[in-house]
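K.L.:
Sequence first, predicted coordinates after that:
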Amino acid sequence: MKVFQIGLNKCATKSLYKFFSKNGHKSVHWLRGKVTNEMNKNHAAGRLACHGMDDIIFWSDCVFLERHFEVIALQYPDAKFIYNIRPMNDWIKSRVNHYELNNNLKKIWHKPYKLDARGIDVVQFWKSQWVIHDERVREFFRGPMADRVLVFDIMKDGGREIARFLPELEFDDLSFPHAHKTKIKTK
């Protein structure tokens, strides 16, 4: 069985990874983009996205999953998905803090997307990204696909909801960790 986290970053992706890991399920989280790169290579070569990484159960914070969850759902018909969410304004605050604290805001967002040159505010860009992603996920996981996704509100939900959603997997410790919380940037 495979479980794919498909919400955006700064929505408890590391906490989900730690939850699955501490319960003995082989998991992967971001790895500085290596997992996404491997999935892109596999996809371009016509292989299953997880080819060569078949022993991993839980996948977290992989851009490939965020952008191509529909492909994954078709390639892995028995897989389940966790769509991790939080209130958009809280997500924006966390993202701003995260990228400013690490001095990566311009490097990761402004330059590659040419936001400055286009006169686009990064917060407005992110809000659009949030809305479009939310609509895509909710539209795709309708009807017969609805039982394959857990909409996991990180402000309300925890280990019990995950265990109920995934009766195929064993969870001994239902406490949900809060990992990788972004520090508030001080001026």
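P.N.:
Noted; the coordinates are in hand.

K.L.:
continuing past the top helix by length along the chain, what's the next helix or strand?
P.N.:
Among all segments of the chain classified by DSSP state H, the helix with the greatest residue count is helix 122-140. Next helix or strand after helix 122-140 toward the C-terminus (DSSP states H and E): strand 149-153.

K.L.:
Can you tell me which helices and strands that following strand packs against?
P.N.:
On a contact count with 3 or more CB pairs under 8 Å, 6 or more residues apart in numbering; DSSP states H and E, strand 149-153 meets strand 80-85, helix 159-165. C-beta here means a position set from N, CA and C on the backbone, and glycine is covered the same way.

K.L.:
How about residues contacting the lowest-mean-pLDDT helix or strand in the chain?
P.N.:
Across the helices and strands of the chain, mean pLDDT, DSSP states H and E gives its lowest value to helix 105, namely a mean of 70. Helix 105 is touched from outside by 96, 99, 122, with contacts defined as CB atoms under 8 Å, 6 or more residues apart in numbering.

K.L.:
Run the chain-centre distance for it.
P.N.:
19 Å (CA atoms, centre = their mean, to the nearest Å).

K.L.:
One more: stretch 119-131?
P.N.:
18 Å.

K.L.:
Residues contacting that stretch, please?
P.N.:
Residues contacting stretch 119-131 (CB under 8 Å, 6+ apart): 8, 88, 91, 92, 95, 96, 105, 109, 110, 113, 115.

K.L.:
which ones among these are found in strands?
P.N.:
Within those, no residue falls in strands by DSSP state E.

K.L.:
Including distance to residue 20 and neighbour count, could these go into JSON lines?
P.N.:
As requested, the contacts of stretch 119-131 are exported to JSON lines (distance: CB to CB, whole Å; neighbours: other CB atoms under 10 Å):
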{"residue": "8", "distance to residue 20": "18", "neighbour count": "21"}
{"residue": "88", "distance to residue 20": "25", "neighbour count": "14"}
{"residue": "91", "distance to residue 20": "22", "neighbour count": "20"}
{"residue": "92", "distance to residue 20": "27", "neighbour count": "17"}
{"residue": "95", "distance to residue 20": "23", "neighbour count": "21"}
{"residue": "96", "distance to residue 20": "28", "neighbour count": "17"}
{"residue": "105", "distance to residue 20": "30", "neighbour count": "17"}
{"residue": "109", "distance to residue 20": "29", "neighbour count": "17"}
{"residue": "110", "distance to residue 20": "34", "neighbour count": "17"}
{"residue": "113", "distance to residue 20": "31", "neighbour count": "13"}
{"residue": "115", "distance to residue 20": "34", "neighbour count": "17"}
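
K.L.:
Alright, calling it a day.
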